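A.B. asks: quick one, structure for this:
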Amino acid sequence: MMRPLYGFMALVLAALLAACSSSPTIESDMGISGAPDWVNEGTQAVDNDDGRFVFGVAFAPPLNDESLQTSTADSRARAEVAKMVSTYIDHTLSDYAASTGDNATSSIQQTLNSSTQTVLNGAKIKGHWKDKKTGNIYSFAEMDMKALDDAITTAGKLSQNFKDYYQQKANANFDRFMKDSQ
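C.D. replies: Residues are numbered from 1 along each chain as shown. Purely as a prediction, here's the structure:
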């Protein structure tokens, strides 16, 4: 009678020890098998031969309406771009204030935010992908930083001092921003 109980306890103990000794398998949320590279690379700032860009990637889970699901993914991808650009603008503004001692940063920030919002409206959805396993739809948004540079350098309410600073430092600030955002 005790022999089957000991055998069962030995099996349970062996299973527990095996579970404790094996390392858990953790899947990356960006390692989706069969997905396009842009899905797995996610939101990022990029500087390549084509220019400087901010890419936003986001998804929407299955909804009852696929067009609503797609537009939700699109909106979320644009929001990812907006977060990245907002961080870039904040870095640029704080660098400017630190280097010049200009205490008019609140009016500059308002104008920058207004210019940025206008440019963000031009963020383009460049692609979609639907994960057949989960039904999630992924959207890829792109914003060319040249459009932001142009909007800032032509904004009427910005001081010429800030515009000059921005034009001189835009590439270096973007390079540093890319490193910080990785």
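
A.B. asks: where does the protein dip in pLDDT?
C.D. replies: 1-30, 102-107, 182 (pLDDT under 70).

A.B. asks: sketch out the helices for it, chain order is fine.
C.D. replies: 2-21, 37-41, 66-100, 105-120, 145-154, 160-180 (DSSP state H).

A.B. asks: now the ones you listed in TSV, with mean neighbour count and distance to W129?
C.D. replies: All C-beta atoms are positioned from the backbone trio N, CA, C, and that covers glycine. Putting those into TSV (neighbours: other C-beta atoms under 10 Å; distance: least, C-beta to C-beta, whole Å) gives the following:
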stretch	mean neighbour count	distance to W129
helix 2-21	9	36
helix 37-41	15	6
helix 66-100	17	10
helix 105-120	16	22
helix 145-154	17	24
helix 160-180	15	24
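
A.B. asks: contact partners for the spatially most central residue of the chain?
C.D. replies: Residue closest to the average C-alpha location in the chain (C-alpha atoms, centre = their mean): T43, at 2.9 Å. Taking C-beta atoms under 8 Å, 6 or more residues apart in numbering, we find T43 in contact with 54-58, 80-81, 83-84.
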